[in-house]
Structures are given as C-alpha cells and as structure tokens.
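# Next come a sequence and a model predicted from it.
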Amino acid sequence: MSTFLGHDVDDLRRLGALDTSREIAQQPAVWRQIARQRQESAADTDAFLKPLLERPDLRIVLTGAGTSAYVGEVLAPALRRRLGRRVDTLATTDIVADPLACFAQDVPTLLVSFARSGDSPESLTAVELANQALTDCWHLVVTCNAQGRLATQHADPSTVHVVLLPEAANDRGFAMTSSFTGMVLAALLALGDTDDGLVDRLAAAAEHVLATGPAAAADLAARGYSRIVYLGSGTMHGVAKESALKVLELTAGRAVGLAESALGFRHGPKSVLNDETLVVIYESNDPYTSRYDRDMVAELLRVVPRRNVVTVSAQPRDGAWTVPGVADVADTALALPAVVCAQLIGLHFSLALGRTPDNPFPGGEVNRVVQGAIMHPLHP
C-alpha cells in the first residue's frame, strides 16, 4: 500500500490530507524534474534573458501574491549579488493598489511574475498596469499552470517568456508547498548561477527531512501550542514569512503564525512569547548573519523553556532540526529543504487540531484561487 510521510493513503484520504501530504513528499522528485526541464529549455530562456540582463539600467521586479510573493523575497538577495543590479520585490497586491508608486520611475523593467494558478486577478492586473506605466517592460512568467491566463494570454515572444513548471508542481491542495519550492528553484536556475550537482544535494537534504521530520512535527503539534513564531535573517526572513503563512492556512487560523527577523523580533514582536508559543529559528548559512540568529537562540533560552525553541540549521547544532549536506550553499538554496520543516509542522498542527489540510475552509471563507477582489481601472 502507498504511503506518504509515514501514513497510508487511505488514512490520509479519510483525514482530508492526501493531496497536501503527497505534494510535500514529492518535492525532491519535482526539483530534479525542474532541473531536467531547465537543461532542455535553457537555450530559449537564455536567448530571451541575455540581452535584457546586459542592460545596465534594467530594473528587475519580482512579484506575486501571498506565497508567490514570498518566492520573490527568498530569491531577491541572491539575484542582487549574482546580477549586480537593482532587484525589487513588490507584491501584486501592492502594485494593483498603488501602481503609480510602484512604477514611479519609468525605467526599463523586467517583471518576473510568480503564480501557481496564473488566474488570480491581481496577477493579471499587475501585468497590465506595468505595461501601462512603463515605456519598456518585459515579462518573465514562472507558473505551475499551463492553462492559466498568465501563461496563455501573452502573444508577443519578444516581450514575454513563460517558464512552465512540471504538472506535479501545480498543487491541488489548498496551501502551496511544492509549487512554492518549485518556483524558487525554477527562477534560481533561470536567473542565477548554480553548479550541476546543487539540485541533487538539495533533494537529498529534503529527503532526509522528509524521513525524519514527520515524527518531530507530530511531537510539536501534540504539545498544544497556539502560536508559532518563525524567525529568519536576510534571505531566511522570506522563508519565515512563508512558514508562518503555512501554519495559519493549514490550521484555518487556529494556530496563529508570526514571522520576523532575528533582530527585528526584539522591537515589539517579542511580546507574543508565552507558554503556548513555539519559536522556530532558521539559521543562516552566512557566517556573519548566523551570529545574530545564534544570539537570538541564546536569548530565548534564557526566557522560555528549551522545548519551546527549535532551530532549523544546516550545521549540526545541539537539539537542532538538522538539514544535512548543505552547510556550504547560499541561503536561497538552503531555503528549499529548510522550508519543508515548516510544511510538516503546518500539516501536523492541522491534523492535531482536527482540520482537513487539503481544504481547511470547507465553507469557502478563504479560497485556493482568490475570489472577491474587484479590479478597478487606473484611469476611469
């Protein structure tokens, strides 16, 4: 009988967790497939991007909504270093609400749109507004849905290039899991500079987390925490935001997730700490940045029980949730196997609270593809 994350399929189906569990478990295989697709399509993608990236005045804007916005936040620091140019992150929800502020400078712009479905109204409107506001605008669309409007409505290959992820990455579950890590990886391979063996190393690290993590996540969920704080510095702050959203979505708000940076946590958000608060800290692989993460761990252990503090680290720390074999990779790459820890926590907290992870909102209060947003014309 097939199993995912230590549970058989029939049990997961009964619990309303089959899609989410399968999509968390499939990520190493999906990453390897994305790497193969990149090799096959590299010539077309590079032909589109190379002349743009040679422009010294090019602005790159990474955009999406919700989890898709956090894709850009995880990627931006690495792309700034790699490309040596301006790389901004702007949520589509911010672009739609105030496009004239987001595109105040009419400079040549590459808008990189991340979307699972490609049908969210903000994603489509952000593209239209960029075209209206900017004289020179090109679009790189990274999406999981070949039938989505973001992937199908563009007809001019001179200004638009679509990077389509494998069908498996188009998550059927409510919360984005393999679609999130898949889009991070696909964009990193298209815009970044990675060695040939990186994807296999990340996949192997994730396989270790998937083998050892479900029991650890179930143990945390059984303790009855009502609040989870995720802390991360630099690139890992974006991972913390995605992690907090995962537990909030999968538990339908029954467990409240909060994200902050290690340094920012002291400036007010630390007020959230009580006996029912779990703190998860992502330790950066950057030796300088990690000092601040370790300082926060030490500070927390002076004020809350040790069992309430979990470190996710590529380093073999005492009591840490270890992500092995990737201690030398950049944080954007580390983000992929590290965030699997948060996906497992979200899944098990949802099950412990009696929710159905595949559809935490059976009444339709929150939807897989956002509904209810009215798009208003910029110039009525």
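On my side now, so go ahead.
# Skipping adjacent residues, who's closest to Pro324 in space?
Leaving aside its sequence neighbours, Pro324 sits nearest to His208 (C-beta to C-beta, 6 or more residues apart in numbering; 5.4 Å). Placement of C-beta: from N, CA and C, glycine included.
# wait, I meant Leu140
Nearest non-adjacent residue to Leu140, counting by C-beta to C-beta, 6+ apart: Val112, 4.6 Å away.
# ok, that neighbour to Gly182 distance?
Counting by C-beta to C-beta, to the nearest Å, the gap from Val112 to Gly182 is 15 Å.
# what does Leu231 give?
Counting by C-beta to C-beta, the gap from Leu231 to Gly182 is 25 Å.
# Could you do Ala216 as well?
The value you get for Ala216 to Gly182, if C-beta to C-beta is used, is 24 Å.
# out of the two, which sits in the more crowded spot?
With neighbours defined as other C-beta atoms under 10 Å, Ala216 and Gly182 compare such that Gly182 has more, 28 against 16.
# Tell me the first helix or strand C-terminal of the strand or helix carrying that one.
In this assignment (DSSP states H and E), Gly182 forms part of helix 178-191. Downstream of helix 178-191, the next assigned helix or strand under DSSP H and E is helix 198-221.
# Give me the buried stretch members for stretch 183-202, please.
Neighbour counts using 16 or more other C-beta atoms under 10 Å place 183-192, 194, 198-199, 201-202 of stretch 183-202 among the buried residues.
# Only the C-alpha atoms, please, for that stretch, written as CSV.
Extracted in CSV, the C-alpha atoms of stretch 183-202 (Å, rounded to 0.1, in the frame of the first residue of the first chain):
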residue,chain,number,x,y,z
MET,A,183,9.1,28.3,-8.5
VAL,A,184,12.0,29.3,-6.3
LEU,A,185,14.2,26.7,-7.9
ALA,A,186,13.0,27.4,-11.5
ALA,A,187,13.7,31.1,-11.2
LEU,A,188,17.1,30.4,-9.5
LEU,A,189,18.1,28.2,-12.4
ALA,A,190,16.9,30.7,-15.0
LEU,A,191,18.4,33.9,-13.4
GLY,A,192,21.0,32.6,-11.0
ASP,A,193,24.2,30.7,-11.3
THR,A,194,24.2,27.2,-9.9
ASP,A,195,26.5,24.2,-10.1
ASP,A,196,25.5,21.0,-11.8
GLY,A,197,25.2,19.0,-8.5
LEU,A,198,23.3,21.5,-6.5
VAL,A,199,19.8,20.3,-7.1
ASP,A,200,20.7,16.7,-6.3
ARG,A,201,22.2,17.9,-3.0
LEU,A,202,19.1,19.9,-2.1
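# Other residues contacting it?
Stretch 183-202 is contacted from outside by 28, 31-32, 34-35, 37-38, 45, 49, 62, 68, 71, 74-75, 78-79, 82-83, 112, 114, 116, 140, 142-144, 163, 165, 169, 325-326, 329, 332-333, 335-337, using C-beta atoms under 8 Å, 6 or more residues apart in numbering.
# one more time with 6 Å, if that's ok
Contacting residues not belonging to stretch 183-202 are listed as 31, 34-35, 38, 45, 71, 74-75, 78-79, 82, 114, 142, 163, 165, 325-326, 333, 336-337 [C-beta atoms under 6 Å, 6 or more residues apart in numbering].
# And stretch 24-42, by the same measure?
4-5, 166, 168-169, 177-178, 181-182, 185-186, 189, 199, 203, 206-207, 210, 343.
# How far does that stretch sit from its chain's centre?
Relative to its chain's centre, stretch 24-42 lies at 16 Å (C-alpha atoms, centre = their mean, to the nearest Å).
# next one: stretch 346-354
With C-alpha atoms, centre = their mean, you get 20 Å for stretch 346-354.
# Check stretch 209-224 too.
Remark: stretch 209-224 is offset 20 Å from the chain centroid, using C-alpha atoms, centre = their mean.
# Ok, stretch 312-321 next?
Counting by C-alpha atoms, centre = their mean, stretch 312-321 comes out at 21 Å from the chain centroid.
# end-to-end on that stretch?
End-to-end span of stretch 312-321 (C-alpha to C-alpha, to the nearest Å): 5 Å.
# could you give me the average pLDDT of it?
Averaged across stretch 312-321, pLDDT comes to 91.
# do stretch 163-182 as well
For stretch 163-182, mean pLDDT is 96.
# same question, stretch 28-38
pLDDT averaged over stretch 28-38 gives 97.
# likewise stretch 121-140?
Across stretch 121-140, pLDDT averages out at 95.
# same deal with stretch 195-208?
Mean pLDDT, stretch 195-208: 94.
# Repeat that for stretch 47-54.
For stretch 47-54, the per-residue pLDDT averages 96.
# Helices of the stretch 201-350 of the chain, start to end?
Using DSSP state H, counting those that start in this stretch, the helices of the stretch 201-350 of the chain run over 235-250, 287-301, 331-352.
# Identify whichever of the ones you listed lies nearest to Leu12.
Closest of these to Leu12 is helix 331-352, at 9.5 Å (criterion: C-beta to C-beta).
# Which neighbours in the sheet does the helix or strand of the chain with the lowest mean pLDDT have, and how are they oriented?
The least trusted helix or strand in the chain, going by mean pLDDT, DSSP states H and E, turns out to be strand 3-4, with a mean of 79. Taking DSSP bridges as the criterion, strand 3-4 forms sheet pairs with strand 7-8 (antiparallel).
# Would you mind finding the longest helix in this protein?
helix 27-53 (DSSP state H).
# That helix: what's the following helix or strand?
Sequence-wise, the next helix or strand downstream of helix 27-53 (DSSP H and E) is strand 59-63.
# Residues contacting that following strand, please?
Contacting residues not belonging to strand 59-63 are listed as 72, 76, 86-90, 92, 107, 109-113, 126 [C-beta under 6 Å, 6+ apart].
# what's the answer for stretch 275-288, then?
By C-beta under 6 Å, 6+ apart, stretch 275-288 touches 225-234, 236, 239, 290, 293, 297, 300, 308-314, 331, 334, 338.
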